[in-house]
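*Asks:* make a model of this:
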Amino acid sequence: MIELSIKVGISKRKILDNINKIRAMNLLEREGDNRTGYGRLISHEKINFDSDPLISIIIPVYNIESEYLVTCIESVLNQTYLNMEILLIDDKSSDPNIVPILKQYQNKDSRIVLIEKTINEGASQTRQYGIDIAKGKYLFFMDCDDYITHNCIRSLLDEAKKSKADMVIGDHWRTYRTYKIYHKHDFNTDDPNGYLKALLTGKCGGTIWNKLIKTEKIRQLELPNIHLQCNDVMVNFFISNKNFKIKCLGKPLYNWVQHETSVTQTRSKASMENAVYIVKWVNDFVSNNYNTTDLENELAYYNLSVWALLLAYGLKKPYSCDTNEFRNNVYNIYWNNKWAKNQFNRKNKLIILFNKNDFLAIFYKIYAKFLKPFLKKK
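*Replies:* Take a look at the predicted model:
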């Protein structure tokens, strides 16, 4: 059993106490890249306990720079929707500054529950603990270095109530210091395998953080207890295989912040092996649960795109046994799928083609390092 110490600032917790009533009049929104100050005043709603269900915000925290952590928490506190419990779960951070920051916020707002784990287990296990203890009708997950727009929770909940959806997906921004890239999420709701196909082709991202999900539905999933990066991907494929009613909102509500210490920016040998494991798991999952003949194109695209990404991220020989098997399948099976190849841009086609054998791989590295920068200047 996992040992955890749960510390709650007020013995009789209420969702809305006098402090929150004051905050409802005066809370400020932190928008865009304004990390050092507050933005414009925003209006907050009066809470209606009959129509506004409790929503649990689950935020695993581990060794993040205080700048990002503060922005994350403030974006939640500044929501127009008030009926929330905010689970800040510290995954045994080694950075001594983390817990004091969390305690400050715990004392500041009675909706915050601070949980200090006694062992480090990773984000997926930490999220699972949040799922187990959450009291809300809906769950919303965040990474501790990301932030949301002030109307994020209200927008997702309104759509969930309107469409009676089990899960509502918002669009997101991939957010850098000086610019943002918009990512839209969409799928064919008339196709029984629409969400699965969207996961395989990238039309819906395999993350867990831009979604409002009914608590009772996610608790029905038999999720793997695996200490892996990208465990989110597994969760989404389990969801695709269950009777979830899913809606896409078509509105950007989440900022996925990119910085050097982001897990997704790590390009270590372990992260590469983790990615290959996930790909193998996805292929096995689809093969065991679906008619792969109907998904031949989408599976080919998924495998080709992941291989191109691994190569672009610097996957090097010697390959592991799993990677070798994956590589052989890419060139012997998936590369022959014309539909999948036609979905690719020229860059990804070149990456895959020029890594087919050692001679072409060397030529591509020379091109990428020397010729490409030179041609760009001309």
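
*Asks:* name the next helix or strand downstream of the longest helix along the chain, please.
*Replies:* Using DSSP state H, we find that the single longest helix of the chain is helix 269-289. As assigned by DSSP states H and E, the chain's next helix or strand after helix 269-289 is helix 296-312.

*Asks:* going along the chain, name the strands of the protein.
*Replies:* Remark: strands assigned in the chain by DSSP state E are 4-8, 55-61, 84-90, 112-117, 138-141, 147-148, 167-175, 180-183, 211-214, 246-257.

*Asks:* report all helices and strands that the longest helix of the chain contacts.
*Replies:* helix 194-201, helix 231-240, helix 296-312, helix 321-332 (3 or more C-beta pairs under 8 Å, 6 or more residues apart in numbering; DSSP states H and E). Bear in mind the C-beta positions are built from the backbone N, C-alpha and C, glycine included.

*Asks:* closest one to Asn63 among these?
*Replies:* helix 231-240 (18.2 Å; C-beta to C-beta).

*Asks:* what's the average pLDDT for that closest one?
*Replies:* In this model, helix 231-240 has an average pLDDT of 90.

*Asks:* with only the CA atoms kept, save it in PDB.
*Replies:* Output in PDB follows, covering the C-alpha atoms of helix 231-240 (Å, rounded to 0.1, in the frame of the first residue of the first chain):
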ATOM      1  CA  ASN A 231       0.800   6.800 -19.800                       C
ATOM      2  CA  ASP A 232      -1.900   9.300 -20.900                       C
ATOM      3  CA  VAL A 233      -1.800   7.500 -24.300                       C
ATOM      4  CA  MET A 234      -2.900   4.200 -22.700                       C
ATOM      5  CA  VAL A 235      -5.700   5.900 -20.800                       C
ATOM      6  CA  ASN A 236      -7.100   7.400 -24.000                       C
ATOM      7  CA  PHE A 237      -7.000   4.100 -25.900                       C
ATOM      8  CA  PHE A 238      -8.900   2.400 -23.000                       C
ATOM      9  CA  ILE A 239     -11.500   5.200 -23.200                       C
ATOM     10  CA  SER A 240     -11.800   4.500 -27.000                       C
END
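
*Asks:* measure Arg111 to Lys135 for me?
*Replies:* According to C-beta to C-beta, to the nearest Å, Arg111 stands 11 Å off from Lys135.

*Asks:* Glu116 too?
*Replies:* Separation of Glu116 from Lys135 (C-beta to C-beta): 19 Å.

*Asks:* more neighbours, these two?
*Replies:* Applying other C-beta atoms under 10 Å to Glu116 and Lys135 shows that Glu116 carries more neighbours, namely 19 against 13.

*Asks:* wait, the more buried one sits on Leu88?
*Replies:* No. Between Glu116 and Leu88 there is no contact under C-beta atoms under 8 Å: 9.4 Å.

*Asks:* closest to Ala160 out of the helices and strands packed on helix 269-289?
*Replies:* Here helix 231-240 is closest among those (C-beta to C-beta), at 14.8 Å.

*Asks:* show me what the closest one is packed up against.
*Replies:* Packing partners of helix 231-240 (3+ C-beta pairs under 8 Å, 6+ apart): helix 123-133, helix 194-201, helix 269-289.

*Asks:* can you lay out these as JSON lines showing distance to Phe354 and mean pLDDT?
*Replies:* Below are those laid out as JSON lines (distance: least, C-beta to C-beta, whole Å; pLDDT from 0 to 100):
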{"stretch": "helix 123-133", "distance to Phe354": "35", "mean pLDDT": "92"}
{"stretch": "helix 194-201", "distance to Phe354": "24", "mean pLDDT": "96"}
{"stretch": "helix 269-289", "distance to Phe354": "19", "mean pLDDT": "85"}
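
*Asks:* right, so those helices: which one is the most enclosed?
*Replies:* helix 194-201 (a mean of 22; mean count of other C-beta atoms under 10 Å).
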